[in-house]
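S.K.: The sequence isn't on hand, but the structure is:
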């Protein structure tokens, strides 16, 4: 049924209890319930597999996708027809271009119609709705409600992550990557971006401060990543944390670096020792060896042993990081002409994982099924371009950049943009690809835009949280 039945059936009762708790929290508020269900998709996926195995005639997860899409259209669909600024127009324009490219690609490449329909509406369309949903909620004066709801949801994710660690050690004596709080039951991509998004959200609703009473609370978000043994947050979380710590309102205070560096170093130190991939012994609580972690990361991302290898024109790298270069080499993605490059190879095989993970087969005697001249895993940018072509890839980037550009503070905007591009080209496009992350990122940007706006009549009042 699952990769480990005992673990799933020991852990998910806690997720269900947490869901019931959140139901009592939101009551009959339709918007609140909608947001909660976005974050509890993992529970639905778990129940769907259980139901299928006991003979339930319909797949619950598919029913969930249909309901959430239709419900989203009912609640927030009208907002699309009332853009409030030029950034909204950019999002709508990008979506129209994306839609044209998407369906032309389907006509040319084929595939199961209902699978493609699900990808279009639930996979991509719901993200657009979430953008307008969060914006309308904040502008309509419900900022405090949504802020408190999101914080409560994120703290519940931290608690569930602690529960997962304890249950996993008891049941299987190790911590697996799969399962992320209530968000995911099979993949761990959300564990990479949720801690970063949660940290920035917590920082901005506390008047862009991480002072003494907020330090401990802010670093607990890293537990979400640790519970799935994710590697990149070990490095990125302390970096983002220290950058946010030296910002006070609209000003940067470099003198605070000395004050907060010890905390950032402690996070980095614990991360290397607790993540078995980042220490020589490959165990939890291995030795602290930054040089080993550096070489491992370089090899994992680029397939290089030394940084200077990347400057060698003859070097043929591997992994997600090196695959990003394929964005500028369309022929290596199987595109034989301009039309194929524009509309891509289609999403059907990717959606149903016809050949498993999207791994390049270059240099291998056995084809992986995907016509990609690359060795190893591919980044989110490569996968997106392979399936959607340049029309889809560029239009989605335009949409995401427009969403992030709603942040009024240029420092915050640059931070979000840098992390988005880093994650897109060197990892898996979760930051602006996961629905839960979209909710958090859009809230951050809109909160910043309307709270710090002096000219808008829709200013949001900042209230510090404990």
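M.R.: Structure's in. What do you need? All values reported here derive from a predicted model rather than from experimental measurement.

S.K.: Is residue 376 part of a helix or strand, or is it coil?
M.R.: strand (DSSP: H, G, I helix; E, B strand; the rest coil).

S.K.: show me the contacts for residue 232.
M.R.: Residue 232 sits next to 192, 427 when contact means Cβ atoms under 8 Å, 6 or more residues apart in numbering. All C-beta atoms are positioned from the backbone trio N, CA, C, and that covers glycine.

S.K.: got a pLDDT number for it?
M.R.: You'll see residue 232 listed with a pLDDT of 95.

S.K.: That one and residue 204: what is the separation?
M.R.: Relative to residue 204, residue 232 is positioned 22 Å away (Cβ to Cβ, to the nearest Å).

S.K.: Assumed residue 317 was part of a strand.
M.R.: No - read with three-state DSSP, residue 317 is coil and lies in no strand.

S.K.: Quick check, it in contact with residue 300.
M.R.: No - the pair residue 317 / residue 300 is not scored as a contact, 11.1 Å apart, by Cβ atoms under 8 Å.

S.K.: Could I get the buried residue list for stretch 299-312?
M.R.: By 16 or more other Cβ atoms under 10 Å, the buried positions in stretch 299-312 come out as 299, 300, 301, 302, 303, 304, 309.

S.K.: Around residue 208, count how many other residues there are.
M.R.: Using other Cβ atoms under 10 Å, residue 208 is surrounded by 21 other residues.

S.K.: Mind checking what secondary structure it has?
M.R.: Under three-state DSSP, residue 208 comes out as coil.

S.K.: Can you pull the phi and psi angles for it?
M.R.: Backbone torsions for residue 208, taken as degrees, to the nearest 10, come to phi 60, psi 50.

S.K.: Scan the chain for its longest helix.
M.R.: When the chain is parsed with DSSP state H, its longest helix is helix 143-171.

S.K.: Show me what it is packed against.
M.R.: helix 5-26, helix 30-39, helix 126-139, helix 190-205, helix 222-226, helix 435-451 (3 or more Cβ pairs under 8 Å, 6 or more residues apart in numbering; DSSP states H and E).

S.K.: Show me the buried residues of stretch 299-312 that map onto helices.
M.R.: Going by DSSP H, the helices hold 299, 300, 301, 302 from these.

S.K.: if we can go back for a sec, now for the buried residues of stretch 299-312, which pair is the farthest apart?
M.R.: Using Cβ to Cβ, these span at most 13.8 Å, a distance reached by 300 and 309.

S.K.: The residue nearest to residue 226 when sequence neighbours are not counted: neighbour count?
M.R.: Spatial nearest neighbour of residue 226, excluding adjacent residues (Cβ to Cβ, 6 or more residues apart in numbering): residue 274 at 6.1 Å. Residues lying near residue 274 (other Cβ under 10 Å) number 17.
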